[in-house]
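**Student:** Below are the sequence and a predicted model for it; my questions follow.
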Amino acid sequence: MGQRTTTGAFAGQSIVTQQGGAVAVRLPGRVSPDTLLQAVHHLPRPVLTRHLGRTIVAACPDEVATGAGIWDALRRPTTPTGADPMAGGWMGLLGDRLAGTVELLPGSPPDEAGPPTGAIARYPAVFVIEDDGTATLHGERMGSEFEELLLTTGARHPVMSGTGGCLAPSGVRHRDASVFSSLPGDLYLAAVERARELIRAGDVYQVNLVQRLDAEWGEGALALAQALWAAAGDAPHRAYVVMDEGTVVSASPERMVASDGRTAWSEPIKGTAAPGEYEGLRHSVKDRAEHVMIVDLVRNDLGRVAKPGGVSVPSLMSPLTTAYADHMVSQVRAELRDDAGPADVLRAVFPAGSVTGAPKVRALEVIREIEPVGRGPAFGSVVAVGTDGSLDASVTIRTAWVPTDVPRAQYWCGGAIVWDSDPVAERDEAWRKARPFLDALGAEAP
């Protein structure tokens with residue numbers, strides 16, 4: 001493939017033009033993904049997500065797919081618009097309600113301020129930021145989307161001087177903010193007991209129980225992202241997705257599934273303890289059993305798209321440390337069948353077993369019976385699917401929703417219930433997982 005390198009018109013950018021009209025503009029120095037997100041935030045449908053070890057920032061999609069149409073969009077042949085597979089790729093949200101397009105399920109509880117079932121968008125031009133802070137804009141030189149992003153990098157010079165870390169906290173906090181739970185006080189305990197009754201009856205083995213938190217928030221989604229990411233610390237699958245109805249802000253540590261087109265791998269998290277208490281978690285009979293149950297579920301899910309005998313577990317119950325909790329994480333890998341595309345892989349594992357339960361379909365039914373409100377964007381997935389069939393999809397835990405026209409923020413937290421779960425301990429675990437959101441608001445648990 002022929003190419004030529006010239007000096008860019010904007011702050012010394014280096015432009016590499018490749019055959020077919022694909023262009024790569026290298027930004028000088030180290031660049032912060034968060035600063036790029038700020039730079040494009042005024043454009044239509046800005047997004048920040050992760051794809052196989054890189055951060056992708058984009059705006060100005062040329063197509064949007066919603067609901068069940070997401071699966072049709074992901075099955076269509078894709079046309080690359082740049083040298084990187086994410087130029088011309090799809091990014092967006094698979095909401096909790098999208099599970100109803102994969103399995104026959106009862107309707108979800110009401111979610112009056114929530115997002116649509118799901119929405120993904122195709123982005124012809126994207127910024128790709130490596131973990132060392134180097135950044136490149138990929139797209140087509142004559143594409144209007146590419147020109148819009150290129151103009152943004154030139155017009156907003158601070159992009160060129162970013163240092164590669166998280167956005168600095170804005171300093172805006174709702175001190176003494178009131179936070180309301182969908183399962184306040186003893187209602188959470190009663191919901192745990194109801195799940196345990198169903199487990200005792202043999203109806204289900206494990207079910208994930210979630211409460212929704214609501215708080216007033218009038219500072220906008222980007223300010224909440226600043227505060228949540230700062231409070232949560234390093235989050236390898238953080239994301240920011242703007243839709244018509246509102247914005248998803250995620251500080252997720254969990255990968256639902258990734259694939260390079262030949263191999264897929266999932267990294268389920270199950271088991272939670274206070275920071276520094278991983279060893280106790282690893283030796284807990286309850287938490288180990290809970291974790292292995294979900295690993296087996298994920299093995300079964302990936303087996304739907306794997307070659308015979310192609311599923312393995314390279315790592316089991318490894319430590320995963322965050323600023324607010326320690327977890328156990330495993331990796332399940334599958335050698336994919338030749339006919340398994342991104343839509344097939346996603347449908348095989350969605351929604352993630354770690355946030356549903358086992359058996360999965362019955363757990364989803366129980367969740368809809370026990371939880372009083374919908375899960376919105378939480379416990380679904382933010383996905384990035386490349387034109388080469390590669391994909392990376394998070395589990396939207398540690399995730400907030402900021403409605404477009406309502407000055408509020410929502411956040412979901414909970415945990416897996418098994419027979420020997422203690423209701424009070426389960427409620428405490430849920431509030432531990434709420435810590436990033438509460439710290440972002442400057443609030444305390446009610």
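**Tutor:** The structure has been received and is ready for your questions.

**Student:** Contact partners for Phe350?
**Tutor:** 94, 98-99, 102, 256, 380-381 (Cβ atoms under 8 Å, 6 or more residues apart in numbering). C-beta: built from backbone N, CA, C; applies to glycine.

**Student:** Sketch out the helices for the stretch 51-200 of the chain, chain order is fine.
**Tutor:** 69-75, 144-155, 186-200 (DSSP state H, counting those that start in this stretch).

**Student:** can I get the ones you listed in CSV with distance to His291 and mean pLDDT?
**Tutor:** Putting those into CSV (distance: least, Cβ to Cβ, whole Å; pLDDT from 0 to 100) gives the following:
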stretch, distance to His291, mean pLDDT
helix 69-75, 30, 98
helix 144-155, 42, 85
helix 186-200, 17, 98
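
**Student:** And the strands in the stretch 1-150 of the chain?
**Tutor:** 3-7, 14-18, 22-27, 47-51, 54-58, 63-66, 89-94, 118-123, 126-129, 135-140 (DSSP state E, counting those that start in this stretch).

**Student:** right, I mislabeled it, should have said the stretch 251-400 of the chain
**Tutor:** Counting by DSSP E, counting those that start in this stretch, the strands of the stretch 251-400 of the chain are 255-259, 263-267, 269-273, 306-321, 326-336, 357-358, 381-385, 391-394, 399-403.

**Student:** okay, the ones you listed in TSV with mean pLDDT, distance to Glu279 and mean neighbour count next?
**Tutor:** Formatted as TSV, these follow (pLDDT from 0 to 100; distance: least, Cβ to Cβ, whole Å; neighbours: other Cβ atoms under 10 Å):
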stretch	mean pLDDT	distance to Glu279	mean neighbour count
strand 255-259	98	24	26
strand 263-267	98	21	22
strand 269-273	97	9	24
strand 306-321	98	9	14
strand 326-336	98	9	22
strand 357-358	97	26	24
strand 381-385	98	31	29
strand 391-394	98	27	28
strand 399-403	97	28	26
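
**Student:** Tell me which of these lies nearest to Ala195.
**Tutor:** Ala195 lies closest, by Cβ to Cβ, to one member of the strands of the stretch 251-400 of the chain: strand 357-358, at 8.7 Å.

**Student:** What strands flank that closest one, and is each parallel or antiparallel?
**Tutor:** strand 206-216 (antiparallel) (DSSP bridges).

**Student:** Was I right to think Ser330 contacts Ser318?
**Tutor:** Yes - the criterion here is Cβ atoms under 8 Å, and Ser330 meets it with Ser318 at 6.8 Å.

**Student:** what's the burial count for the closest residue to Gly107 other than its chain neighbours?
**Tutor:** Take Gly107 and drop its neighbours on the chain: the residue closest to it by Cβ to Cβ, 6 or more residues apart in numbering is Arg368, 7.2 Å away. Arg368 has 18 neighbouring residues, counting by other Cβ atoms under 10 Å.

**Student:** Now do the contacts for Arg368.
**Tutor:** 105-109.

**Student:** Redo these as TSV? Include distance to Gly261 and pLDDT.
**Tutor:** As requested, these are arranged in TSV below (distance: Cβ to Cβ, whole Å; pLDDT from 0 to 100):
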residue	distance to Gly261	pLDDT
Leu105	30	93
Pro106	35	91
Gly107	35	85
Ser108	33	83
Pro109	37	87
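
**Student:** Can you select the buried ones among the residues you listed for me in PyMOL?
**Tutor:** Remark: buried members of the contacts of Arg368, expressed as a PyMOL selection using 16 or more other Cβ atoms under 10 Å:
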select buried, resi 108+109
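
**Student:** List just the nearest of the contacts of Arg368 to Arg299.
**Tutor:** Leu105 (22.6 Å).

**Student:** Name the nearest residue to that closest one, ignoring sequence neighbours.
**Tutor:** Leu364 (5.5 Å).

**Student:** which residues sit in contact with the one you found?
**Tutor:** Counted by Cβ under 8 Å, 6+ apart, Leu364 has contacts 99, 103, 105, 351, 356-357.

**Student:** Distance check, it against Thr49.
**Tutor:** 25 Å (Cβ to Cβ, to the nearest Å).

**Student:** Including mean neighbour count, could the helices of the stretch 51-200 of the chain go into TSV?
**Tutor:** Below are the helices of the stretch 51-200 of the chain laid out as TSV (neighbours: other Cβ atoms under 10 Å):
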stretch	mean neighbour count
helix 69-75	18
helix 144-155	18
helix 186-200	17
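
**Student:** can you redo those as TSV with distance to Val57?
**Tutor:** Compiled in TSV, the helices of the stretch 51-200 of the chain are given as follows (distance: least, Cβ to Cβ, whole Å):
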stretch	distance to Val57
helix 69-75	21
helix 144-155	9
helix 186-200	37
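
**Student:** nearest to Glu267, of those helices?
**Tutor:** Taking those one by one with Cβ to Cβ, helix 69-75 is closest: 21.2 Å.
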